[in-house]
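[1] need a 3D model of the following:
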Amino acid sequence: MEGKYSIELFRERSAGGDPEAVLARHDNFKFACALYRVAVKNHKGRLIMLCDRARVVARSDRPETMPK
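    Numbers count the residues shown, from 1 in each chain. Model prediction:
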């Protein structure tokens, strides 16, 4: 998969390890944010991270990080 931004789904209670799945990747930040918001809604209670390569941009367990 290619794409600068990734939307990653983690196992319950696991933020330190590898993601369970990479749900999507995209090069466009606005589109990646939209995909992230959909993933958070579809996987309530699960940790979803929006990453810019290795940097975490947003985490579903920290709503204040949600991109606008």
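[2] isn't there a strand covering R37?
    No: R37 sits outside any strand when classified using DSSP: H, G, I helix; E, B strand; the rest coil, being helix.
[3] look up how far A24 lies from the residue lying closest to it once chain neighbours are set aside.
    Leaving aside its sequence neighbours, R37 sits nearest to M66 (Cβ to Cβ, 6 or more residues apart in numbering; 7.5 Å). For glycine as for every other residue, the C-beta is placed from the backbone atoms N, C-alpha and C. To A24, M66 is 16 Å away according to Cβ to Cβ, to the nearest Å.
[4] okay, the two: which has more neighbours?
    Remark: of M66 and A24, A24 carries more neighbours, 20 against 15, as counted by other Cβ atoms under 10 Å.
[5] show me what whichever strand or helix holds that one is packed up against.
    Per DSSP states H and E, A24 falls inside strand 21-26. Strand 21-26 makes packing contacts with strand 5-9, helix 29-42 when contacts are defined by 3 or more Cβ pairs under 8 Å, 6 or more residues apart in numbering; DSSP states H and E.
[6] three-state assignment of the residue nearest to G45 when sequence neighbours are not counted?
    Excluding the flanking residues, the one nearest G45 by Cβ to Cβ, 6+ apart is E12, at 7.7 Å. Counting by three-state DSSP, the backbone at E12 sits in coil.
[7] ok, E12 touching R46?
    Yes: between E12 and R46 there is a contact under Cβ atoms under 8 Å: 6.6 Å.
[8] looking at those two, which one has more neighbours?
    R46 (15 against 8).
[9] surely that one meets L9?
    Yes: between R46 and L9 a contact is recorded at 6.2 Å, counting by Cβ under 8 Å.
[10] residues in contact with L35?
    I7, L23, A24, H26 (Cβ atoms under 8 Å, 6 or more residues apart in numbering).
[11] how about R46?
    By Cβ under 8 Å, 6+ apart, R46 lies in contact with L9, F10, E12, S60.
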